[in-house]
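A.B. asks: got a predicted structure here, sequence first:
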Protein chains: 2
Amino acid sequence: MPKKIVIIGAVALGPKVACRARRLDPDAEIIMLDKDSIISYGGCGIPYYVSGDIPDVKELLSTIYHAVRDEAFFRSTKRFKVRTSVEAMAIDRKAKTVRIRNIKTGTDEDIPYDTLVLGTGSTAFIPPVPGADLPGVTAISNLHHAMEIKEKIVKGKVESAVVVGGGAIGLEMAEALTVLWDVKTTLVEMLEQLLPVAVGPDLAGIIHRHLEENEVKVITGDRVSKIIGDPDSGVTAVETGAGSIPCQLVIFAIGVRPNTTLAREAGLAVGSYGGILVDERMRTSDPNIFAGGDCVEVKHQITGQRVILPLGSLANRQGRVIGTNVVGGNQQWPGAVGTFCLKAFELGVARAGLTKAQAIEAGFDAVDALVAGSDKAHFYPGHKPMFIRLIADRKTRRVLGIEAVSENCDAVKARVDAVAALLSHKVCVDEISNLEVGYAPPFASAMDIVNEAANALENMLDGRGEAITALEFLDQLDSPTLKVLDVRTRIEADPLVKRYGERWKNIPLDKLQERVGEIPTAEPLIVICSSGVRSFEAQLFLRQKGVANVKNVHGGTALVELLKKEIA
Amino acid sequence: MPKKIVIIGAVALGPKVACRARRLDPDAEIIMLDKDSIISYGGCGIPYYVSGDIPDVKELLSTIYHAVRDEAFFRSTKRFKVRTSVEAMAIDRKAKTVRIRNIKTGTDEDIPYDTLVLGTGSTAFIPPVPGADLPGVTAISNLHHAMEIKEKIVKGKVESAVVVGGGAIGLEMAEALTVLWDVKTTLVEMLEQLLPVAVGPDLAGIIHRHLEENEVKVITGDRVSKIIGDPDSGVTAVETGAGSIPCQLVIFAIGVRPNTTLAREAGLAVGSYGGILVDERMRTSDPNIFAGGDCVEVKHQITGQRVILPLGSLANRQGRVIGTNVVGGNQQWPGAVGTFCLKAFELGVARAGLTKAQAIEAGFDAVDALVAGSDKAHFYPGHKPMFIRLIADRKTRRVLGIEAVSENCDAVKARVDAVAALLSHKVCVDEISNLEVGYAPPFASAMDIVNEAANALENMLDGRGEAITALEFLDQLDSPTLKVLDVRTRIEADPLVKRYGERWKNIPLDKLQERVGEIPTAEPLIVICSSGVRSFEAQLFLRQKGVANVKNVHGGTALVELLKKEIA
């Protein structure tokens, strides 16, 4: 008798499982269920549909050759059965059946399975603030929400909007609302920085400024305490610590929760973060039930801990592994390092592994280096600044994370993906120093910025490059005891010397040997240049000359000025 | 007494060694020598200087903050001594001295060393064809050649040019001559394809067509047998198997030879490819002498063999390792996988590891898959086609190489660098299937094209995806026994059905189940779609239905049409 495979959930993971299983096994009886009527869509494309970049929602539902992925498509092209608008109500693990309810008719039915796959996804979370149930307050859990938002905007009903949550989806939605529709958008993030689980505070600061330059108002360290409006006309404002913000639309993008009611009620093991627990073959605590995608906890390959990583990219890879395993294969999915990228207006952001804060929290003695460089050779026209941070453990020198920002979005992905690929191999910083990435002037410097980041970090691990971050530096900028040595050329340094007087001394690097006597050896000193490279050279020289207490500003004035335009 | 470090060669490796050594050791006596008067330049930027993209040659000689890297710069800013226009004539390893000759005065002098570093580079090779010594015939070994070429062009003396050699530099020079200066350029490559040591013939075919579309005449499988002209007015034409080509400039870019006379005469060990032999610390057979850059042989991390890889990127990394080691450090340089990228007009090309041909030659049972996909999510506006080939060993499933082409140059680098980083870790195809690269619609598909390439290759390794390459397919296109099943939609397939009649049958994938009876089970059949994805689906289905002899065209019509525009 053919094997019966039942798949619950038909957005990202489910279709992948079903297609793969069918390719490997022509005989299995495969059925995929979803409570929604819309299935198999590119959920990560939602912000671009709302923005209008993707004009027709059908494109999110279609293959590259414009076939809509509906029931008929899966039946005729992929050769398995799909039922939509049916909700899985309960699993009888003993009888190996799923009770499903037809949402339109209300009738229930038991479907037998040999192997069951849970791809139940996650739901975006709306916090229980007063007014959260008003019309115009929404999360983005599915395409219906997206269509509702877009319809409202198209009808001209949204002059102002508040996006709550400074993660990837929050940023993408803020851009979507602003760019094409000119909606006055405020982004509110509870923590002190944007993308708090993705990058360090300085790269977040670059993104923060970039959003502001693109007309998004950004409020960090604050929260929406109340939503004002009435049930008929909908939301009219939100209240935050910083005051009231008028708006006709509130989008919550503060995270998702795994949809695990079905799994819990069936007695499947669930982890401390609320996701279904699976083994390396993506099998739940019941060997006949697999699960993957947003509803499971995954192993973080650096901490070894289980985490929630609701990423469409992972769901697809897991789906293929499950598809192999449900028909008798034996593939493993090794866990994840949280590689991720994001376009925010003109800025590309990418990261993998742990941020410095996460690394410290995970018990590592984390050391980081941030370098300012460029996406191409500095002599090649059109090169753009890029900032990369590399994070490692002091004792083992193991690389723990990388994060990068540049207006050359794909170039950011190139650097982060190359290091991300190695993170699970437990490589040391020294390997990244020698990392053999492609070089030609239109793509990189001969010593790529990713190598430079490793070199800087190696110097720090070897006790050669004590650093101060641009943000720490900005904190000290108004201190009367500030002592800065600017080793740039006179023309570069002059405006700051004029502004800060004796606190900001300029000795160009090429004059430092002859003028080193001007520098008191006892006082703490901060050296700065445009990027951190010349100042590192100066720092080493000064140290060799007995000026011991020298800190180098990583990222130099390039970063300092990006974070706060008017330092001169 | 301070340690005396003498470095011969001051282009890429030498300055890196000296700067690094100085940073680590304030006391060492460091002297860097070069026979040239121009030093420390970005040699890989030469094509962009010739093209005019880089207007002033000074930019190739300058730091990012516009300081020219000359003797004075290195003395004042980097704190070591440089002597130019002095040629190293001989090494006395017993006495530990180098005899140098002042090129201007002709006087000799012995310089003592404790540690010697050879960064003598390589020389571009001009073959001994008749006329090779005529004015206007040149290679590009240094900036002087570049300046001569540019001067000649600027003066309007070059209407037509011939570039000999279809490697990276040949392609870059062809672009340089064509784009800005409108020089009628012919590129002649001896082998049957462009970039023969970098990519497979089909990706080379894409590049070939792209050059032709950009007005470069490309001749492969041919050579320049004679250069015509006279010693006064210079070259006027070259003769090839395909006839005579008028030109006023001939650039040879057929490869380089390591400069090792000095090393050989000093009795240092030299390998079978003519490069100096070094250990993992970059030390020659004399423990007091290090060498790196274009003049050494390096270990290929896949074959384990020594090879010549004259890449500026490697010279820089090796230079840093040597700089550490000459002052008592202990760093290793692990070898290389030949990662490399190239922009040819609008096309980005990147590769790492072995081509399929190289893998077979190295004794692997090489299997490859080529996929056609896109640089972004297919629903995201502005996405561009990308082609990736992945190569693995059949038995061990170890990944041996990757190559990619797309008009999104940085996106190509992203895919290749991520896999390149893993090649030395001996990873299997299955790891690339799950490779966790960053995903967001502006950057990739949820299942990245690099994962898709691995999936396709895994299917082949598992005996599920017998393929035919686009070039093999084109060879059969006019055969009367050709039997093609085109599983695209009718609209897509119709022009080809009209042209090829019974030999080209169209059954759209979604109709294949009901119409499978129309397909004879015994005959060999080629399935095709736009990319290889739908046709793979069809191939599996047909096989399950007993149609055993089915081959899938990897890259589909997208690739076939790129290689030969007029198949319909």
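C.D. replies: Yep, that arrived.
A.B. asks: domains of chain A?
C.D. replies: Domain assignment for chain A by automatic domain parsing gives A:4-121+A:257-325, A:137-254, A:340-461, A:467-563.
A.B. asks: now do the same end-to-end measure for the third one.
C.D. replies: The one in question is domain A:340-461. Domain A:340-461 has an end-to-end distance of 27 Å (criterion: CA to CA, to the nearest Å).
A.B. asks: can you give me the helices in the stretch 251-400 of chain A?
C.D. replies: A:261-265, A:312-325, A:356-361 (DSSP state H, counting those that start in this stretch).
A.B. asks: make a markdown table out of those helices and add distance to chain B.
C.D. replies: No exception for glycine: its C-beta is placed from N, CA and C like everyone else's. As requested, the helices of the stretch 251-400 of chain A are exported to a markdown table (distance: least, CB to the nearest CB, whole Å):
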| stretch | distance to chain B |
| --- | --- |
| helix A:261-265 | 23 |
| helix A:312-325 | 4 |
| helix A:356-361 | 17 |
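A.B. asks: so where do the helices sit in the stretch 401-550 of chain A?
C.D. replies: Residue ranges of the helices in the stretch 401-550 of chain A, as given by DSSP H, counting those that start in this stretch, are A:409-423, A:429-433, A:449-461, A:470-476, A:490-500, A:512-515, A:533-544.
A.B. asks: my error: substitute the stretch 1-150 of chain A in the last question.
C.D. replies: With DSSP H, counting those that start in this stretch as the criterion, the stretch 1-150 of chain A has helices spanning A:13-24, A:46-51, A:71-76, A:143-154.
A.B. asks: let me know which of those is tucked in deepest.
C.D. replies: Across the helices of the stretch 1-150 of chain A, averaging neighbours per residue (mean count of other CB atoms under 10 Å in any protein chain shown) puts helix A:13-24 on top, at a mean of 26.
A.B. asks: thinking again about what came up before, so which of the helices of the stretch 1-150 of chain A is nearest A:C529?
C.D. replies: helix A:46-51 (38.2 Å; CB to CB).
A.B. asks: other SSEs contacting that closest one?
C.D. replies: Contacts defined by 3 or more CB pairs under 8 Å, 6 or more residues apart in numbering or on different chains; DSSP states H and E place helix A:46-51 against helix A:143-154, helix A:168-179.
A.B. asks: possible to save those helices as JSON lines with mean pLDDT and distance to chain B?
C.D. replies: Compiled in JSON lines, those are given as follows (pLDDT from 0 to 100; distance: least, CB to the nearest CB, whole Å):
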{"stretch": "helix A:143-154", "mean pLDDT": "93", "distance to chain B": "12"}
{"stretch": "helix A:168-179", "mean pLDDT": "96", "distance to chain B": "7"}
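A.B. asks: can I get the ones you listed in CSV with distance to B:V298?
C.D. replies: Converted to CSV, the helices and strands packed on helix A:46-51 look like this (distance: least, CB to CB, whole Å):
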stretch, distance to B:V298
helix A:143-154, 52
helix A:168-179, 41
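A.B. asks: returning to what we had before: and A:I169, which of the helices of the stretch 251-400 of chain A is closest to it?
C.D. replies: helix A:312-325 (11.4 Å).
A.B. asks: okay, angle between the closest one and helix B:449-461 too, please.
C.D. replies: If you take axes from the mean of the first three to the mean of the last three CA atoms, to 10 degrees, helix A:312-325 sits at 10 degrees to helix B:449-461.
A.B. asks: list the contacts of A:F536.
C.D. replies: Contact analysis of A:F536 by CB atoms under 8 Å, 6 or more residues apart in numbering or on different chains lists A:456, A:459, A:465, A:552.
A.B. asks: revised request: answer the last question for A:V224.
C.D. replies: Contacts of A:V224 (CB under 8 Å, 6+ apart): A:129, A:162, A:164, A:188, A:238-240, A:250.
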